[in-house]
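Asker: just need the structure, nothing else, for what follows:
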Amino acid sequence: MVMNYKLEICVDTVESALNAQVAGADRIELCNNLAEGGTTPGFGTIITSRNNLTIGVNVIIRPRGGDFLYTDLEYDIMRRDIDLCGENGVDGIVLGILRSDGSIDVERNARLVEFAKPMTVTFHRAFDMCTNPEISLEDVIDTGAEKLLTSGQKNNVSDGVELIARLVQQAGNRIIIMPGGGLNLSNIDSIARTSKAKEFHLTGRKIRNSDMVYRKEGISMSGSDELSEFFRKVADTDMIRSIIEILKNI
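Answerer: Residues are numbered from 1 along each chain as shown. You can find the predicted model right below:
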């Protein structure tokens, strides 16, 4: 039996989004600030991506980095960002709100899911910061979200794959469990076989050297010596194609 796997590429630039499409990805998750786990991108990026892509465009709705406990003002920002996504042809949104005790805030998430219709909704890796994952899965289902992105509550999906497999079995046909967080060429085959998941999420990036000839030394816009303005990560078409080929042969 041939499985019909789907691949979502997490991107933070229009260039990476176009690379994902050329490589054959099914959709993108469009973010900003991937180093912080992703925040809502600017609407210039959203609109330009939507206007230049034929594959699905999902947008993360996360007003800031840090935890997933949001104030009323931040919740209002999320609602307004969802509204603007809907007005500009976005296919789906990606969100997640927790309570202070680490449980899923079913009521607030459900209101945003309803507000987002007809866009689809993915509950993101806020799930990996919650308490009891089995109970939390039922709560996520109760929000009305169609997909759940998770690394199995570990830093790397390879370490969380056993939990993911249990969540896939528990979810049945009620919600799509989508492994993500450290997926790459070396582990996609084993993660797919062990988890029994049908959709996967990854960045598939490579480091690209800047075309700048003049490079000012001794200063960093990030304030960190570890982050250079003269290198950036971009979705790698060849890598994504190779991952799709691996999935086709499982």
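
Asker: residue 7 - how many residues pack around it?
Answerer: 22 (other C-beta atoms under 10 Å). The way it works is simple: take the backbone N, C-alpha and C, and place the C-beta from them, glycine included.

Asker: same thing with residue 147?
Answerer: For residue 147, the neighbour count with other C-beta under 10 Å is 21.

Asker: for it, list each beta-bridge partner.
Answerer: On the basis of DSSP bridges, residue 147 is bridged to residue 122, residue 176.

Asker: ok, it touching residue 120?
Answerer: Yes: counting by C-beta atoms under 8 Å, residue 147 touches residue 120, with 7.3 Å between them.

Asker: element containing the closest residue to residue 54 other than its chain neighbours, please.
Answerer: Using C-beta to C-beta, 6 or more residues apart in numbering and skipping the chain neighbours, the partner closest in space to residue 54 is residue 21 (7.0 Å). If you go by DSSP states H and E, residue 21 is part of helix 14-23.

Asker: repeat that for residue 102.
Answerer: Using DSSP H and E, no helix or strand contains residue 102.

Asker: so it sits right up against residue 131, yeah?
Answerer: Yes: between residue 102 and residue 131 a contact is recorded at 4.1 Å, counting by C-beta under 8 Å.

Asker: the helices in the chain, which residues?
Answerer: 14-23, 43-52, 72-87, 106-116, 133-143, 157-171, 188-195, 237-248 (DSSP state H).

Asker: ok, which of those comes nearest residue 209?
Answerer: Taking C-beta to C-beta, helix 14-23 is the member of those nearest to residue 209, at 14.4 Å.

Asker: what's next to the closest one, contact-wise?
Answerer: 9, 11, 28, 30, 45, 48-49, 52-55, 57, 204-205, 234-241, 244 (C-beta atoms under 8 Å, 6 or more residues apart in numbering).

Asker: how about low-confidence regions in the protein?
Answerer: 1-3, 223-227 (pLDDT under 70).

Asker: residue with max distance from the center of it?
Answerer: residue 214 (34.8 Å; C-alpha atoms, centre = their mean).

Asker: how far away is it from residue 63?
Answerer: Per C-beta to C-beta, to the nearest Å, residue 214 is found 36 Å from residue 63.

Asker: cool, residue 122 as well?
Answerer: 17 Å.

Asker: and residue 241, what does it touch?
Answerer: 23-24.

Asker: hmm, 10 Å instead?
Answerer: 22-25, 204 (C-beta atoms under 10 Å, 6 or more residues apart in numbering).

Asker: isn't residue 74 right up against residue 39?
Answerer: No: checked against C-beta atoms under 10 Å, the pair residue 74 and residue 39 is beyond contact range at 11.3 Å.

Asker: so what's residue 231 up against?
Answerer: Residue 231 neighbours (C-beta under 10 Å, 6+ apart): 207-210.

Asker: which one of the residues you listed sits in the busiest neighbourhood?
Answerer: Most surrounded of the contacts of residue 231: other C-beta under 10 Å gives residue 208, at 13 neighbours.
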